[in-house]
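Enquirer: Return a 3D structure for these sequence lines:
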Amino acid sequence: MTFLGHCKGDRGIEWFHRFAVNLVGGILCVWQKESLEITNLYMGFCFLLVEGVCKEGSCGITIVNAYSLYDLPSKRSVWEEIKKRK
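Expert: Residues are numbered from 1 along each chain as shown. I've put the predicted structure just below:
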């Protein structure tokens, strides 16, 4: 069974994904529903940003999954877009 297939069987798991762009694989962010209350989800061209509050301790958390091309200008462009969201 694949990882995602396993997650679908677990009702305590939630996820947010970004499909593949060209030949690059997609992005998957997974969390336990009972541990994290999601307040914002944002999908950029090359990243996912998930904001929430940990249910234990009530602290805020931001999770960013990003990918970009190898060249430095492309990487900077992705991070500039992420900084605008945060």
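Enquirer: use CA for all of it now, contacts and neighbours both
Expert: Will do.
Enquirer: what sits against the residue lying closest to residue 34 once chain neighbours are set aside?
Expert: Sequence neighbours aside, residue 12 is the residue nearest to residue 34 in space, at 6.7 Å (criterion: CA to CA, 6 or more residues apart in numbering). Counting by CA atoms under 8 Å, 6 or more residues apart in numbering, residue 12 touches 32, 33, 34.
Enquirer: what's near enough to touch the second one?
Expert: What that stands for is residue 33. With CA under 8 Å, 6+ apart, residue 33 has these contacts: 12, 13, 14.
Enquirer: Need the contact partners of stretch 73-86.
Expert: 44, 46, 47, 49, 66, 68, 69.
Enquirer: The fifth one contacts residue 48, doesn't it?
Expert: Yes. With contact defined as CA atoms under 8 Å, residue 66 and residue 48 form a contacting pair (6.5 Å).
Enquirer: Which one's more surrounded, these two?
Expert: Each of residue 66 and residue 48 has its neighbours counted (other CA atoms under 10 Å); residue 48 has more, 21 against 16.
Enquirer: And the more buried one, how far from residue 57?
Expert: Per CA to CA, to the nearest Å, residue 48 is found 24 Å from residue 57.
Enquirer: Repeat that for residue 82.
Expert: Distance, residue 82 to residue 57, by CA to CA: 26 Å.
Enquirer: residue ranges with poor pLDDT in the protein?
Expert: Low-confidence segments of the chain (pLDDT under 70): 1-10, 21-24, 86.
Enquirer: What ranges does it have for its strands?
Expert: 13-18, 27-32, 36-43, 47-54, 60-66 (DSSP state E).
Enquirer: and among those strands, the most buried is which?
Expert: strand 47-54 (a mean of 18; mean count of other CA atoms under 10 Å).
Enquirer: Longest helix in the protein, please.
Expert: For the chain, the longest helix by residue count, based on DSSP state H, is helix 72-85.
Enquirer: what's the angle from that helix to strand 60-66?
Expert: Per axes from the mean of the first three to the mean of the last three CA atoms, to 10 degrees, the angle that helix 72-85 makes with strand 60-66 is 160 degrees.
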